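Colleague: Show me the folded form of this:
(chains A, B, C and D)
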Protein chains: 2
Amino acid sequence: MLLVKLTLGFAAVPDYDPHSYPPVAVTVDLVVLTVRDDSLCVLVVRRGVPPYRGEWALPGGFVRPDEELGRAAERELAEETGLTPDTVHIEQLASYGDPDRDPRMRVVTVAYLALAPDLPTPTGGSDAADARWLPVSEFLGAGRRLAFDHGRILRAGVERARAKLEYSPLAAAFCAPEFTISELRRVYEIVWGTELDPRNFHRKATTAPGFLVPTGRTTMQHGGRPAQLYRRGPASLLHPPLLRAGHEPTPAG
Amino acid sequence: MLLVKLTLGFAAVPDYDPHSYPPVAVTVDLVVLTVRDDSLCVLVVRRGVPPYRGEWALPGGFVRPDEELGRAAERELAEETGLTPDTVHIEQLASYGDPDRDPRMRVVTVAYLALAPDLPTPTGGSDAADARWLPVSEFLGAGRRLAFDHGRILRAGVERARAKLEYSPLAAAFCAPEFTISELRRVYEIVWGTELDPRNFHRKATTAPGFLVPTGRTTMQHGGRPAQLYRRGPASLLHPPLLRAGHEPTPAG
DNA sequence: TCCCTTATCGTCAAAATGACGCTAAGGCTG
DNA sequence: CAGCCTTAGCGTCATTTTGACGATAAGGGA
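Modeller: Numbering: from 1, shown residues only, chains lettered A, B, ... in the order given. Next up, the predicted model:
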């Protein structure tokens, strides 16, 4: 029958009828990470409707009929946090489409990873009933659970963030537009969960071409000697990378 | 019928009805790369039906109603090449869902990247009318074009492959189960488009823990002194990584 | 003023890298 | 079979990079 014909591939389907396909919904889900109170936090919302009513989930929503995937992600981000891509870094993470990941119907979700500086207000959300920042450790361990397969998505997002700090200047996305080297180092330490030597980190960060642009201004927020303020540089890749010591990340198989 | 209902009610969001959404088709597309005849090649199929009839496209097809995304990708790979995940490495690449990327309807595709050893037969495809390996350079330059947005997907796949050679043992996925260091080096040289010093490469490849496992056997395929044969090791990450010299990859913005 | 804190520069030994010489071990050719 | 060519694989060495950590700079507070 038709189904069989269709699955042979796009190219081999002379006159297929796409509408005869079972309905699939496409959503975007967001892993929005920030560094707050010495821990890596993720933005979660409490679900107001079944399934998983009352449980924490990643923010997300349907992709509109004529909307690009990235636009949908940015729109959801703006709805939940009031932030725009000017302020936060956002990139596609991965897609998840297990047939039973949503009990209501087939839902394929395209997950996005967003890295935001510490926001004064947790959320400026519109429809989000209850949204807040919670430490990712709450969900990565045996503690709380996230609705749907969002725990898996969160793990992927955190893993991606940790890896990208090594080779990309993305750590700065967790900082305000102007930041000190120590603030940047604190980001690395919290995201990686390690301690870094301040002097060696300072050397490597300032040496990597295009990573940091000094502003000339200084700040004395942190009690000691005033620190130089930097802005993100033009580099899209760190050379040389800031490698973690010995890391076997996900126990991949 | 269903279609009419689907296109109607989009507005309601909080207590949404997933079925009240417009139809979206979900496909998987494959970027299957291999190293052949001193160049990096991609598996492409010639389209037999409009749109883009007669043009080259990436292999792919619909995700079946109760099929996981990764399974769909593996199935398509098997249909086109006869290969299974035992033989090739396959991983999710990214998703593409621009509203007009397929003129017929909204199609969201989940692209997968597969890295295969050089296959004796170009394809063992079932339905693929005309499938073959072509150098990626044909499509990356101003030469041939791929159907749909497949050129963009191919670029992402090649970029991903190039990047992953640095810090993952994935280069071995381009080789037969047993391979020599020179064969591995040739993979790096062809994928990166650079030349590598054989002696330094030998040192770094054999030094990286878990990258290579010597088999004890040797081969003399290449005319000179017989070479040790190795198998892929257990490492999932290369430490230290095999870094390219100075590389600004995609001219990112 | 002394002390405490953080920032930043400097030093130095250990490790990694890159350039490259040299020997090993096959086949090929005359 | 004696060179010769080819690739494999080991070793050397100067240069860089890294990591550990000392020392100084520059603020606030007791």
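Colleague: Who are the contact partners of residue A:106?
Modeller: Contacts here follow CB atoms under 8 Å, 6 or more residues apart in numbering or on different chains; on that basis residue A:106 touches A:22, A:23, A:24, A:25, A:97, A:99, B:65. (C-beta placed from N, C-alpha, C; glycine too.)
Colleague: Mind listing the residues bridging to it?
Modeller: On the basis of DSSP bridges, residue A:106 is bridged to residue A:24.
Colleague: Buried residues in stretch A:130-148, which are they?
Modeller: By neighbour count with 16 or more other CB atoms under 10 Å in any protein chain shown, stretch A:130-148 contains the buried residues A:131, A:133, A:134, A:135, A:136, A:138, A:139, A:140, A:146, A:147, A:148.
Colleague: Can you pull the residues of the stretch 101-250 of chain A lying near DNA strand C?
Modeller: Neighbours of DNA strand C within the stretch 101-250 of chain A, by CB under 7 Å from any atom of the strand: A:180-182, A:198-200, A:202-203, A:206, A:218, A:222-228.
Colleague: Quick one: mean pLDDT over stretch A:62-77.
Modeller: The average pLDDT for stretch A:62-77 rounds to 96.
Colleague: Other residues contacting that stretch?
Modeller: A:25-28, A:30, A:32, A:59-61, A:83-85, A:88, A:90, A:92, A:110, A:112, A:114, B:7, B:10, B:13, B:16, B:21-22, B:24, B:95-99, B:106, B:108.
Colleague: what residue ranges in chain A score low on pLDDT?
Modeller: A:1-21, A:120-129, A:246-253 (pLDDT under 70).
Colleague: From the contacts of residue A:106, list the buried ones, please.
Modeller: Among these, the ones that count as buried by 16+ other CB under 10 Å are A:23, A:24, A:25, A:97, A:99.
Colleague: Strands of chain A, residue ranges please.
Modeller: Ranges of strands in chain A, per DSSP state E, are A:24-36, A:39-46, A:56-57, A:60-62, A:89-96, A:106-115, A:130-135, A:212-219, A:227-232.
Colleague: isn't residue A:138 right next to residue A:145, touching?
Modeller: No: using CB atoms under 8 Å, residue A:138 makes no contact with residue A:145, being 9.7 Å away.
Colleague: circling back to that earlier point, tell me which of the contacts of residue A:106 is nearest to residue A:193?
Modeller: Nearest to residue A:193 out of these is residue A:97 (CB to CB; 31.0 Å).
Colleague: Backbone torsions only: list them for the closest one.
Modeller: Per-residue torsions, residue A:97: phi -150, psi 30 (degrees, to the nearest 10).
Colleague: what's near enough to touch it?
Modeller: Residue A:97 makes contacts with A:106, A:107, A:108, A:109, B:26, B:63, B:68, B:69, B:110, as judged by CB under 8 Å, 6+ apart.
Colleague: switch to 10 Å and redo it
Modeller: Each residue near residue A:97 by CB atoms under 10 Å, 6 or more residues apart in numbering or on different chains is listed here: A:24, A:26, A:106-110, A:149, B:26, B:28, B:63, B:67-70, B:72, B:95, B:108, B:110.
Colleague: Kindly report the same for residue A:116.
Modeller: Counted by CB under 10 Å, 6+ apart, residue A:116 has contacts A:32-36, A:41, A:43, A:77, A:81, A:83, A:87-90, A:133, A:173-174.
Colleague: residues touching the closest residue to DNA strand C within chain A, list them.
Modeller: Residue nearest to DNA strand C within chain A: residue A:224 (1.8 Å; CB to the nearest atom of the strand). By CB under 10 Å, 6+ apart, the contact set of residue A:224 is residue A:182.
Colleague: For the residue nearest to residue A:44 when sequence neighbours are not counted, list the residues it contacts.
Modeller: Computed as CB to CB, 6 or more residues apart in numbering or on different chains, the closest residue to residue A:44 that is not its neighbour in sequence is residue A:56, at 4.3 Å. Going by CB under 10 Å, 6+ apart, residue A:56 touches A:42, A:44-47, A:130-132, A:134, A:138-139, A:144-147, A:150-151.
Colleague: ok, now which ones touch the most centrally placed residue in chain A?
Modeller: Residue closest to the mean C-alpha point of chain A, counted by CA atoms, centre = their mean, is residue A:113 at 2.5 Å. The contact partners of residue A:113, by CB under 10 Å, 6+ apart, come to A:30-33, A:73, A:89-94, A:153-154, A:156-158, A:160-161, A:164, A:170.
Colleague: Of these, which ones also sit close to DNA strand D?
Modeller: Contacts with DNA strand D are made by none of the contacts of residue A:113, judged by CB under 7 Å from any atom of the strand.
Colleague: Buried subset of those residues, written for PyMOL?
Modeller: Written as a PyMOL command, the selection of buried residues from these, which uses 16+ other CB under 10 Å, is:
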select buried, chain A and resi 30+31+32+33+73+89+90+92+93+94+153+154+156+157+158+160+161+164+170
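Colleague: ok, back up a step: ok, so of the buried ones among the contacts of residue A:106, who is nearest DNA strand D?
Modeller: Nearest to DNA strand D among the buried ones among the contacts of residue A:106, counting by CB to the nearest atom of the strand, is residue A:97 at 39.6 Å.
Colleague: other SSEs contacting the longest helix along chain A?
Modeller: Identified as the longest helix of chain A according to DSSP state H is helix A:150-167. Counting contacts by 3 or more CB pairs under 10 Å, 6 or more residues apart in numbering or on different chains; DSSP states H and E, helix A:150-167 packs against strand A:24-36, strand A:39-46, strand A:56-57, strand A:89-96, strand A:106-115, helix A:136-140, helix A:181-192, helix B:150-167.
Colleague: so which of these gets nearest residue A:237?
Modeller: helix B:150-167 (9.2 Å).
Colleague: Figure out how far the closest one is from the centre of its chain.
Modeller: 8 Å (CA atoms, centre = their mean, to the nearest Å).
Colleague: Which residues of chain A lie near DNA strand D?
Modeller: A:197, A:199-200, A:204, A:207, A:220, A:223-226, A:240, A:243, A:245.
Colleague: One more pass at 10 Å, please.
Modeller: Selection of chain A residues close to DNA strand D by CB under 10 Å from any atom of the strand yields A:195-204, A:207-208, A:218, A:220, A:222-227, A:238-246.
Colleague: So in terms of bridging, what pairs with residue A:89?
Modeller: residue A:115.
Colleague: Wait, it touches residue A:165, no?
Modeller: No: counting by CB atoms under 10 Å, residue A:89 sits too far from residue A:165 to count as a contact (11.9 Å).
Colleague: any shared contact partners between the two?
Modeller: A:115, A:172, A:173, A:174.
Colleague: Run a quick neighbour tally on the first one.
Modeller: For residue A:115, the neighbour count with other CB atoms under 10 Å in any protein chain shown is 26.
Colleague: any idea how far residue A:81 is from it?
Modeller: 12 Å (CB to CB, to the nearest Å).
Colleague: any shared contact partners between these two?
Modeller: Common neighbours of residue A:115 and residue A:81, counting by CB under 10 Å, 6+ apart, are A:32, A:34, A:88.
Colleague: wait, which of the residues you listed is closest to chain B?
Modeller: Minimum distance to chain B across these is 16.2 Å, recorded for residue A:88 (CB to the nearest CB).
Colleague: Verify the contact between that closest one and residue A:117 for me.
Modeller: Yes: the criterion here is CB under 10 Å, and residue A:88 meets it with residue A:117 at 7.6 Å.
Colleague: what's the overlap in contacts for these two?
Modeller: The contact sets of residue A:88 and residue A:117 overlap at A:34, A:173, A:174 (CB under 10 Å, 6+ apart).
Colleague: Of those - the most surrounded one?
Modeller: Compared across those, residue A:174 has the highest neighbour count, 27 neighbours, by other CB under 10 Å.
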